[in-house]
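# here you go, sequence then predicted model.
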Amino acid sequence: MTISTTPTLDTTRLGAWMDAAGLPGAGAPIEQRFLSGGTQNEIYVITRGDHTSVLRIPPVSAPAERDAGILREWRIIEALDGTDVPHTAAIAACTDLSVLGRTFYLMGFVDGWSPMENHGVWPEPFASDHAARAGLGYQLAEGIALLSRVDWRAKGLQDLGRPDGYHERQVARWLDFYAKIDGSRTLDGMAEATEWLRTNRPLDYIPGIMHGDYQFANVMFRHGGPAKLAALVDWEMGTVGDPKLDLGWMLQGWPEDTSDPALANRGYANMQYMPSSSQILAHYAEVSGRQVDDIDYYLILAKWKLAIVLERGYQRAKGDVKLEAFGPVVVDTMRSAAELAETTEYRHVG
């Protein structure tokens, strides 16, 4: 006998809650399909009659504070309703632990594809039509450009983050994070990049909603061409802060010269024939209405922060080949942050 280890939901309790909430498909049986999951979230496709939605819930083993994180995600998704930001529809959230044991929410099902699905190979027409592929890059930039324009105060997100003093806190916060990493190394260039970030801050900081981990891995596109962003997804790191850090995070490894054939086999997203980083930057500025003269600050901060985050994974590898591969990436990324800090013409003594 084969025993399934795929997580499942109590559809009887879920159905009763959905009926009480007046959601579509009342009384119809529920079909569930486990989509993905890890230590922080489980995602299920829920079909009831003609209606399909997606349920996001922490696993039983996740720490209790993850329930609050789920509600943070829900607030952002709900706030995007009625905006021009590509997003999943907000259907309903549940904090009653007697239903499924954890806080969860239902969002609209997106009929699209994720760049993570194809292991570095773009689906057609983007695999063969290089001009069409460029549209994927522009659409990616457009997603956070539109997000940066959302009136977060009008959407009731005043208490979601702490925009006041946002940049003043960044260095101290991530140095504290780094200090708690067991076995962390002394990284070449870290001292130089840290000091530069302490003494140079943006001249023009306009708070807004930010995704927190913006990249091809966390968006979905519509099927077929031309490229059209379907939704920004995975809001675990979402907050109110400086949206241009999303831009820096997205661009920190983006090549200026995208003609190099070697880009086709580097990472989960084939960057060959994408727009250059300068073109992406210009498109973001045009759509967002924000100035980007200080982009080097955000690139240095993004590289510096990424190296610190990956160092924690590397130190926890314990034989995990994927995590062990972070080792040289951490070193290269921190050196890159320091090199940019040394060569950039952007300076602002804060």
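Now that the structure is in, tell me what you want to look at.
# every contact and neighbour count from this point should use C-alpha atoms.
Fine.
# tell me the pLDDT of the residue most central in space within the chain.
Residue closest to the mean C-alpha point of the chain, counted by Cα atoms, centre = their mean, is Asp213 at 3.1 Å. Note on Asp213: pLDDT of 96.
# show me where this structure has its strands.
Using DSSP state E, the strands assigned to the chain run over residues 30-37, 42-48, 51-57, 90-94, 104-108, 112-113, 208-210, 219-222, 229-232, 239-241.
# what would those strands look like in CSV with distance to Leu9 and mean neighbour count?
What follows is the strands of the chain, written out as CSV (distance: least, Cα to Cα, whole Å; neighbours: other Cα atoms under 10 Å):
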stretch, distance to Leu9, mean neighbour count
strand 30-37, 8, 16
strand 42-48, 9, 20
strand 51-57, 10, 20
strand 90-94, 14, 18
strand 104-108, 12, 22
strand 112-113, 24, 16
strand 208-210, 31, 24
strand 219-222, 25, 21
strand 229-232, 25, 23
strand 239-241, 29, 24
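# out of those, which comes closest to Gly189?
Set against Gly189 and scored by Cα to Cα, the strands of the chain come closest in strand 239-241, at 26.3 Å.
# tell me who's in contact with the residue nearest to the centre of the chain.
Met237, Asp246, Trp249 (Cα atoms under 8 Å, 6 or more residues apart in numbering).
# just to revisit the earlier point, could you export the strands of the chain as CSV, including mean pLDDT and distance to Met190?
Listed next are the strands of the chain as CSV, based on pLDDT from 0 to 100; distance: least, Cα to Cα, whole Å:
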stretch, mean pLDDT, distance to Met190
strand 30-37, 91, 34
strand 42-48, 96, 36
strand 51-57, 96, 37
strand 90-94, 97, 41
strand 104-108, 97, 39
strand 112-113, 96, 38
strand 208-210, 97, 25
strand 219-222, 97, 31
strand 229-232, 98, 32
strand 239-241, 96, 24
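# closest one to Ala193 among those strands?
With Cα to Cα as the measure, strand 239-241 is the member of these nearest Ala193 (21.3 Å).
# so how far is that closest one off the chain centroid?
Relative to its parent chain, strand 239-241 has a centroid offset of 13 Å by Cα atoms, centre = their mean, to the nearest Å.
# which strands and helices sit next to that strand?
With contacts defined as 3 or more Cα pairs under 8 Å, 6 or more residues apart in numbering; DSSP states H and E, strand 239-241 has these neighbours: strand 208-210.
# separation between Trp304 and Leu340?
For Trp304, the distance to Leu340 equals 11 Å [Cα to Cα, to the nearest Å].
# my error: substitute Ala154 in the last question.
The gap separating Ala154 from Leu340 is 37 Å, by Cα to Cα.
# comparing Trp304 and Leu340, which residue is more hemmed in?
Trp304 (26 against 16; other Cα atoms under 10 Å).
# now for that one: which residues touch it?
Residues near Trp304 by Cα under 8 Å, 6+ apart: Met190, Ala193, Thr194, Thr333, Met334, Ala337.
# compare those and tell me which is most surrounded.
Ala337 (28 neighbours).
# touching, it and Ala193? I think so.
Yes: with contact defined as Cα atoms under 8 Å, Ala337 reaches Ala193; the gap is 6.1 Å.
# list residues touching both of the two?
Residues touching both Ala337 and Ala193 (Cα under 8 Å, 6+ apart) are Ile300, Trp304.
# where does pLDDT dip in the protein?
1-5, 349-350 (pLDDT under 70).
# got the domain ranges for it?
According to automatic domain parsing, the chain comprises the domains 11-109, 113-343.
# how much space separates Thr333 from Lys322?
Distance from Thr333 to Lys322, counting by Cα to Cα: 17 Å.
# so what's the closest residue to Asp182 other than its chain neighbours up against?
Excluding its sequence neighbours, the residue lying closest to Asp182 (Cα to Cα, 6 or more residues apart in numbering) is Gln315, at 6.8 Å. By Cα under 8 Å, 6+ apart, the contact list for Gln315 reads Ile181, Asp182, Gly183, Ser184.
# again with Pro202
Listed by Cα under 8 Å, 6+ apart, the contact set of Pro202 reads Asp294, Tyr297, His348.
# tell me the one among the contacts of Gln315 nearest to Tyr205.
Using Cα to Cα, the contacts of Gln315 come closest to Tyr205 at Ile181, 30.5 Å.
# how about the contacts made by the residue lying closest to Ala93 once chain neighbours are set aside?
Nearest residue to Ala93, sequence neighbours excluded (Cα to Cα, 6+ apart): Tyr105, at 4.0 Å. By Cα under 8 Å, 6+ apart, the contact list for Tyr105 reads Leu55, Arg56, Ile57, Ile70, Trp74, Ile91, Ala92, Ala93, Cys94.
# what's the closest of those to Ala145?
Distances from Ala145 to those, taken as Cα to Cα, are shortest for Trp74 (20.7 Å).
# now the closest one: how far from Gly241?
For Trp74, the distance to Gly241 (Cα to Cα) stands at 17 Å.
# buried stuff in the lengthiest helix in the chain?
With secondary structure taken from DSSP state H, the chain has its longest helix at helix 295-315. Going by neighbour count (16 or more other Cα atoms under 10 Å), the buried part of helix 295-315 is 295-315.
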